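Colleague: Just a sequence and a predicted model for now, questions to come.
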Amino acid sequence: MRWILTCLAWFLALVILMPATATAATVVKLDMPNLVASSDAIVVAEVTEIDSELDADGRVYTTIEFSTDDVLKGEPGESFSIRQVGGQHGDIATRAPGMPDFERGEEVFLFLSNFETHPVITGLSQGKFRVAVGPDDETRFVVPQLHGVHLVDPKDAPRQAAPGGDEATDELQVQAPPFDMSSHAEVFRQVHEFGAFRQQVEVTIEAQREESR
């Protein structure tokens, strides 16, 4: 079993890693409790449509439409969309460091903020996880998609960036339950079994609800 998990970690690392870039967005580092607290909607969804357009400000914006599969927090409805800067329209392209990328047909685990007014991915690429099926064509995993960001500890923001800059998932491990995602590294440097990850999100949501009562 261990060698299977090791092979899976290497496989997923090769698939999802992206080349390092010279520019990055500076954002506050979010662990699981902060991701949940900062999000008014948390869902598992499928990307159904992607449409890019050139705005009057000369930048390309992309609208991503989703079909909701599972709702853990909020009321997103059966479908929803987000509009974010970045993308390509004809020969014109706009790059937005730290903004998550999407592909049509992709299954994703999303943390969303400002859902009622202008929904955005919480913490840029920190709030998007890809759902992937393992080599056995059955076991589902949640894969972090962190890239293009300089992370800042909340206590240091906005004065000092975290050492190392872009915390890409270059040394992914497969995380099996039980686990505690109280640190940022435990969330973003590991591939998580889907059910265990979902359960951790549910536990965190319930704990925060109890605290607010």
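Modeller: The structure has been received and is ready for your questions.

Colleague: Would you map the strands across this structure?
Modeller: 25-28, 41-54, 60-73, 79-85, 87-89, 92-94, 107-113, 120-121, 128-133, 140-144, 149-152, 173-175, 190-193 (DSSP state E).

Colleague: contacts for the shortest one?
Modeller: So the one you mean is strand 120-121. Outside strand 120-121, the residues that touch it by CB atoms under 8 Å, 6 or more residues apart in numbering are 82, 84, 99-100, 110-114, 127-128. In short, each C-beta sits where N, CA and C put it, glycine included.

Colleague: Please give me every residue in contact with the closest residue to G123 other than its chain neighbours.
Modeller: Among residues not flanking G123 along the chain, L30 sits closest, at 4.6 Å (CB to CB, 6 or more residues apart in numbering). Going by CB under 8 Å, 6+ apart, L30 touches 38, 122-123, 126-127, 184.

Colleague: Can you tell me which of those are buried?
Modeller: Buried by 16 or more other CB atoms under 10 Å: 38, 122-123, 126-127, 184, out of these.

Colleague: to the chain's geometric centre, what's the distance from the lengthiest helix in the chain?
Modeller: Assignment by DSSP state H gives helix 194-212 as the longest helix of the chain. Helix 194-212 has its C-alpha centroid displaced from the chain centroid by 17 Å (CA atoms, centre = their mean, to the nearest Å).

Colleague: report the angle between the axes of it and strand 128-133?
Modeller: With axes from the mean of the first three to the mean of the last three CA atoms, to 10 degrees as the basis, helix 194-212 and strand 128-133 are set at 140 degrees to each other.

Colleague: name the helices or strands packed onto helix 194-212?
Modeller: Secondary-structure packing of helix 194-212 (3 or more CB pairs under 8 Å, 6 or more residues apart in numbering; DSSP states H and E): helix 32-37, strand 41-54, strand 60-73, strand 140-144.
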